[in-house]
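sequence unknown, structure follows:
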């Protein structure tokens, strides 16, 4: 299900609602591209850096988990860096695209609940995620997530176009 780009003039009940809308838009854009690509292209790299679309999908799910659950909420995660192996993104041969999409959708619901339950000025919980620094506010975490999604969806646009999938703005 494609979500339209959030109009800057659309009323929002709170600034946090704007973040929720933009994150939903970028997730939708990511999934539109992933779903439009042939299965063989999802595990193939078209770039010298070597990442694949399915690795990017898993990476973005973990990014949300690291920043909002492990970082902001301060909850312990079994493997907060489970999207990486040997200093690069990794997806196991037994991990399916549908499974990873499901994990992203589950994390999206969790992320939205966290965002709606806090003020943007709330600071995260102290923990490993911050490497000894003061925890960031929710607003700073969300700005980071938005730039991460925007950058990676833009990269995926190029890969999707080369693979015969859909592109966006």
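Received the coordinates, thanks. No experiment lies behind these values; they were computed from the predicted model shown.

Going by C-alpha atoms from here, please, whenever you check contacts or count neighbours.
Will do.

Look up how far residue 102 lies from residue 129.
25 Å (CA to CA, to the nearest Å).

So for those two, which sits in the more crowded spot?
Remark: of residue 129 and residue 102, residue 129 carries more neighbours, 19 against 13, as counted by other CA atoms under 10 Å.

give me every residue that touches that one.
Residue 129 makes contacts with 66-67, 70-71, as judged by CA atoms under 8 Å, 6 or more residues apart in numbering.

Highest neighbour count among the residues you listed?
Neighbour counts for the contacts of residue 129 (other CA under 10 Å) peak at residue 71, which has 26 neighbours.

So it, which state does it fall into?
Secondary structure, DSSP: H, G, I helix; E, B strand; the rest coil: residue 71 is helix.

what's the closest non-adjacent residue to it?
residue 129 (5.1 Å; CA to CA, 6 or more residues apart in numbering).

Next: residue 72.
Leaving aside its chain neighbours, residue 72 sits nearest to residue 124 (3.9 Å; criterion: CA to CA, 6+ apart).

What residues does the residue nearest the centre of the chain make contact with?
Taking CA atoms, centre = their mean as the criterion, residue 60 is the residue nearest the geometric centre of the chain, at 3.3 Å. Residue 60 makes contacts with 104, 149, as judged by CA under 8 Å, 6+ apart.
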